Every structure is written in structure tokens, then in C-alpha cells.
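**Q** pasting the structure only:
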């Protein structure tokens, strides 16, 4: 493994990029982080992800892996001797894939509406987001992590949103902790892990980023 | 494996259900097919897929696997000694997952707009659908299957749409074969496989189904 060259094309506020940062940190893989300017994408990004032209892209020994969830599975399969992220049992694996897919379908779209839209769409986003979080809180139950006793694939798929909570609360005018206390306790627990703490930006920095985007959208 | 009880909760025109039918046929797994009435969903469906309440659901020895793509991976992992559907190499696996994800994101939404909407939305759907098919045709290249020489995961993810082509062409007023001849040749090739031929309904039956739906939508 000494010759492995790993590059991550990423954008710092991206909760999708955070998934790969955390997975690589869990596996203790050294990599080069390259920040992308999404308004002036690098030739490397366009070459490595010609279909979607989006970050994050993991590049392993010159070969691209696109889509963050697929990248996390790839990392788990390649660096399999350390910190397993997915269960080995096929049924358990299908269950964690189900929840990662649920997160992919539901969390981003609803959360984005809270800060990037107004009126009915904003209200619908807020309502949907809380409902989705309550479903996730229900499946978490009394377990410390979605993966049970161990931090795993579903936790990695979801925790990136946690550093955006302050922005959602600011523009949604609600308290996520009041709505979903166990969910927030889970987020705090994850933040105690080095792999997570060093991969997530500060919540105040996210809020500043969101403010700028809202100005661009004519919302402020 | 003699004691395995496999049930498929499905709806006959569903291209998502077709994925599971084909995967089970490739693996020569015996199963009970249960047709669902989507307007009066069975208590078993609601119990087995309480989150999405959708078909298809694969039930293996009493335990549900929801989401068709996840189900195909599950089938490949459980019945691994016969007809491998995903490659074993992590990089190749990431690539087939990328294309299955692309199909999931792009094909259904655009194709549905062709027959279920009118005006600008209809035209946009038609344009998007052809663009998506051309991208897929590009990645197929000169290979017989998306899996190369072997029929595999990407082929299974995509072929269910083929029996809907006649309906898309009827309401889109275009020839898919003219636009994407290699893609249609691939479809015909897949249809020569027993696993596919016996899992896909007749295209005329799909057209009749679409006509009824259009009447319900006030489009006819």
C-alpha cells in the first residue's frame, strides 16, 4: 500500500465530501486534498467526473471514483483490514445501504429548502426535514451509533449535515435539539471522534457561507 | 439453501420489480410472486416496507429487503456461487455502482415525463431521455453488454425500461432505434436471455397500461 496515491477533489462546505474525508481518516489513509472552485472547475475535475462534473471525486492511483456513497464503499473494500465501515453479513449490509439511500433521497433536498428558499417551499422544507430527522431518530433508537456500538456507514453518510444544523436553525427559526434530542446527542457523540472532528468545518463558518449564498439568491 | 423462502412483492409493469425478477432468474432461485394492488396495498407490503410503502420488496426468510438496486446486490451476495452479477474488483464494482446510480437518477424521471405530462415538461422529458440514452450508449460502446462480455448489474438495472420503449415512442413521437441504434441492439440482445424474456411484460401490454394511466391523468 506504500505506493498508493490518493487525491480528493473536494469543496469545503460539502457534506458529501465530508463522507470521504471521514472514511479516509477512519482508515488512516494519507491523501492530498485539493479544494475546487465550483465556479471555475479544474480541468482535473472535468476530466475525472465528465458525467456529473461535481465534487467530491476520489482519485486512487490515477483512477476516479465518483459519488460519495460509492466512494465510501470503495474505501471500505480497498482498505479492508482497518476500521470496517460496512457489516459483512449480506442482510445487515442491505439494511445500511437502505438507510444511506434514504439519507441521499431525503435529507439534502429538504434541508436546502430551509435556507435557500422562502414562503411555502421554505415551510415545506422545514416540515419535511424534521419528519426525516424523526424517522432517522427512530431507527437510531437507543443505540450510540446507527451502526450499533460501532461508528459506521450510515453514521458517515449522515454526520456531515450536523455542522449545517446551526445554519438550518438560524434560517428555520427552530431548535433541532428540541425536536430531536437523541439525534443531536448522536451528533455530539460523533463529533468526539477525531475522524469526524477534523473533517467537519466549524458551524459558524458554514453559517457565513450560507449567508453569502442567500445574498446571491436575493434572499437577504 | 433448501429451506430458503423467497417472496417478491411486485407490480407487473414495474421496471424496478423487473430487476429483482431477472436477478432471481439468473441465480435460479425459486420464489413466490405476489402481485400488489397499489391502490389497496397489502398489510404485508406496509409491514415490510413501512418507510417507503412501495414495491418491489424482496422477502427472504421473513426479512425484507427494500429498494430494487439494493435487492439485486443482496441477491448477488447471498447466492454467490452462481452467475455473478457484480465484479469482484473494488474499482470495477465502484464503476458499475456509478452507472446503476446514474440510471436511478436519470432514466425514470425523464422517461415518465414523455407519457405522463404534456407541453414543455413533455418536451423536456423527451430531450433529457434521449440525452441520457446517448450517454449510456457511449459507455456501452462496442461491448455486447454493459458488463462487457457478461450480462451483469448495469444491464439488470436498465433493461426493464426496454419494454416501455414502445409506449415512449408512441407518446414521444420518435424512434429510439433511429436515435440510439446500438442501445436498441443491446436491448434485443438482452431479450434473448431467458432470465430477461420471462421477466419483462409484453410491450403492447405496457402501452395499454400507459393509456389507462393517461386517461386517469386527463391526458387522453
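**A** It's in. This one's a predicted model, so the numbers in the text were calculated from it and none came from an experiment.
**Q** Give the next helix or strand downstream of the longest helix anywhere in chain A.
**A** Assignment by DSSP state H gives helix A:90-116 as the longest helix of chain A. Downstream of helix A:90-116, the next assigned helix or strand under DSSP states H and E is helix A:119-140.
**Q** Show me which positions of the helix or strand following that next one end up buried.
**A** Along the chain past helix A:119-140, the next helix or strand (assigned with DSSP H and E) turns out to be helix A:153-159. Buried residues in helix A:153-159, counted by 16 or more other Cβ atoms under 10 Å in any protein chain shown: A:153, A:154, A:155, A:156, A:157, A:158, A:159. The C-beta positions use only the backbone N, C-alpha and C, and glycine is treated the same way.
**Q** Pick the one among those residues closest to residue B:173.
**A** residue A:157 (41.9 Å; Cβ to Cβ).
**Q** wait, that closest one sits on residue A:98?
**A** No. The criterion here is Cβ atoms under 8 Å, and residue A:157 misses it with residue A:98 at 11.2 Å.
**Q** mind showing which ranges of chain A have poor pLDDT?
**A** By pLDDT under 70, the weakly predicted segments of chain A are A:1-2.
**Q** Give me every residue in it lying close to chain B.
**A** A:51, A:60, A:63, A:65-67, A:70-71, A:73-74, A:77-78, A:90-91, A:93-94, A:97-98, A:101-102, A:135 (Cβ under 8 Å from any Cβ of the partner chain).
**Q** Narrow those to those that are buried.
**A** Neighbour counting by 16+ other Cβ under 10 Å classes A:60, A:65-67, A:70-71, A:73-74, A:77-78, A:90, A:93-94, A:97-98, A:101-102 among these as buried.
**Q** that older thread, for the longest helix of chain A, which residues meet the burial criterion?
**A** Residues of helix A:90-116 classed as buried by neighbour count (16+ other Cβ under 10 Å): A:90, A:93-104, A:106-108, A:110-111, A:113-116.
**Q** before we move on, what about stretch A:205-216?
**A** Applying 16+ other Cβ under 10 Å to stretch A:205-216 flags A:206, A:207, A:210, A:211, A:214 as buried.
**Q** Could you check how many residues crowd around residue A:141?
**A** 8 (other Cβ atoms under 10 Å in any protein chain shown).
**Q** Ignore what I typed, I meant residue A:80.
**A** Other residues close to residue A:80 by other Cβ under 10 Å number 14.
**Q** Assign it to one of the three secondary structure states.
**A** The three-state label given to residue A:80 by DSSP: H, G, I helix; E, B strand; the rest coil is coil.
**Q** Report the angle between the host helix or strand of residue A:167 and helix A:119-140.
**A** For residue A:167, the host element (DSSP H and E) is helix A:165-172. If you take axes from the mean of the first three to the mean of the last three Cα atoms, to 10 degrees, helix A:165-172 sits at 140 degrees to helix A:119-140.
**Q** now for helix A:165-172, which elements pack on it?
**A** Here helix A:165-172 touches helix A:90-116, helix A:119-140, helix A:176-179, helix A:203-216, going by 3 or more Cβ pairs under 8 Å, 6 or more residues apart in numbering or on different chains; DSSP states H and E.
**Q** Of these, give the one that comes closest to residue B:200.
**A** Closest to residue B:200 of the helices and strands packed on helix A:165-172, according to Cβ to Cβ: helix A:90-116, at 24.4 Å.
**Q** can you give me the angle the closest one makes with helix A:165-172?
**A** Using the same axes, to 10 degrees: helix A:90-116 against helix A:165-172 is 50 degrees.
**Q** which other helices and strands contact helix A:90-116?
**A** helix A:68-78, helix A:119-140, helix A:153-159, helix A:165-172, helix A:203-216, strand B:63-66, helix B:68-78.
**Q** sorry, back to before: could you check the angle helix B:68-78 makes with the longest helix of chain A?
**A** When the same axes, to 10 degrees is applied, the directions of helix A:90-116 and helix B:68-78 differ by 160 degrees.
**Q** I'd like to check the angle between helix A:90-116 and helix A:203-216, please.
**A** Going by the same axes, to 10 degrees, helix A:90-116 makes 60 degrees with helix A:203-216.
**Q** What is the distance between helix A:90-116 and the centre of its chain?
**A** 10 Å (Cα atoms, centre = their mean, to the nearest Å).
**Q** Got the phi and psi for residue A:7?
**A** phi -130, psi 140 (degrees, to the nearest 10).
**Q** can you tell me which residues contact the residue lying closest to it once chain neighbours are set aside?
**A** Excluding the flanking residues, the one nearest residue A:7 by Cβ to Cβ, 6 or more residues apart in numbering or on different chains is residue A:59, at 4.2 Å. Residues in contact with residue A:59 (Cβ atoms under 8 Å, 6 or more residues apart in numbering or on different chains) are A:5, A:6, A:7, A:8, A:9, A:48, A:65.
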